[in-house]
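Participant: no sequence for this one, just the structure:
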């Protein structure tokens with residue numbers, strides 16, 4: 001649904017600005033206006049540089065950058081596929097040592113997930129070393145790196161859309177990630193957080209600091225609220241808000257207005 005909404009908005013923006021648009025490959029669009037051609041890939045309109053995009057893509061690297069800039073974030077610890085990283089030493093041995101260290105520091109349960117990726121696929125709540133090791137064997141068949149993170153009992157999960165030095169939108173994911181029968185369940189609904197809300201006053205500066213630390217011009221910053229307070233969960237350089245935009249006509253207008261700003265900057 002996210003891609004359908006994005007595709008619709010892209011065509012509307014192109015028409016409104018006098019461009020023809022062609023989806024030439026998956027996620028790649030060509031805009032033409034006379035002799036001028038502009039290409040975009042993904043949902044960041046090419047506004048983020050390669051380094052910032054790469055850092056945001058990896059959850060452990062994102063955490064390290066935020067930690068080094070004194071920005072509160074949920075810790076993410078990287079684990080490496082033994083064969084892929086064999087040149088750097090015995091990764092299986094290092095992984096086991098690191099897992100023991102993480103458990104000692106953060107306790108159990110932990111959340112195990114791919115180091116890269118934006119969706120909830122292959123995200124598991126793990127309760128012991130045996131379960132972790134089994135999942136590592138399975139996931140390392142097609143993932144190069146995984147991360148372990150401490151489990152948080154999430155009260156609220158917010159998504160903040162940052163463009164330049166401004167937060168354009170904040171919404172609360174109603175019924176966020178929670179545990180049901182020892183498994184993680186992901187909520188789907190969302191409610192806009194107004195600027196007058198107490199939470200907004202904490203979310204806005206945190207989201208802007210996080211995006212700035214990674215050097216991102218256009219990003220979505222996911223922030224959770226738990227007993228540990230407000231923490232960055234992850235940052236995405238690919239701004240996926242089509243699902244939110246599909247919920248109502250008003251939401252669609254908000255999403256289109258945000259993408260319009262990015263589009264206009266991209267075609268300059």
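Facilitator: Looks like it arrived, so ask away. Remember, it's a predicted structure, so these values are computed and weren't measured experimentally.
Participant: Please list all residues in contact with residue 22.
Facilitator: Counting by CB atoms under 8 Å, 6 or more residues apart in numbering, residue 22 touches 29, 30, 32. C-beta: built from backbone N, CA, C; applies to glycine.
Participant: out of these, which one sits closest to residue 63?
Facilitator: Using CB to CB, residue 29 comes nearest to residue 63 of the contacts of residue 22, at 31.9 Å.
Participant: what distance separates whichever helix or strand residue 8 is part of from the centre of its chain?
Facilitator: Following DSSP states H and E, one finds residue 8 within helix 2-16. Remark: helix 2-16 is offset 21 Å from the chain centroid, using CA atoms, centre = their mean, to the nearest Å.
Participant: follow-up on the earlier one: could you flag which of the contacts of residue 22 are buried?
Facilitator: residue 29 (16 or more other CB atoms under 10 Å).
Participant: Relative to residue 225, how far out is the residue nearest to residue 165 when sequence neighbours are not counted?
Facilitator: Closest residue to residue 165 apart from its sequence neighbours, by CB to CB, 6 or more residues apart in numbering: residue 208 at 6.5 Å. As for residue 208, its distance to residue 225 is 17 Å (criterion: CB to CB, to the nearest Å).
Participant: Quick check: mean pLDDT of the helix holding residue 8?
Facilitator: In this model, helix 2-16 carries a mean pLDDT of 93.
Participant: and it, which residues are buried?
Facilitator: 5, 6, 9, 10, 13, 14.
Participant: tell me what that helix is packed against?
Facilitator: Helix 2-16 sits against strand 20-25, helix 242-245, helix 249-266, with contacts defined as 3 or more CB pairs under 8 Å, 6 or more residues apart in numbering; DSSP states H and E.
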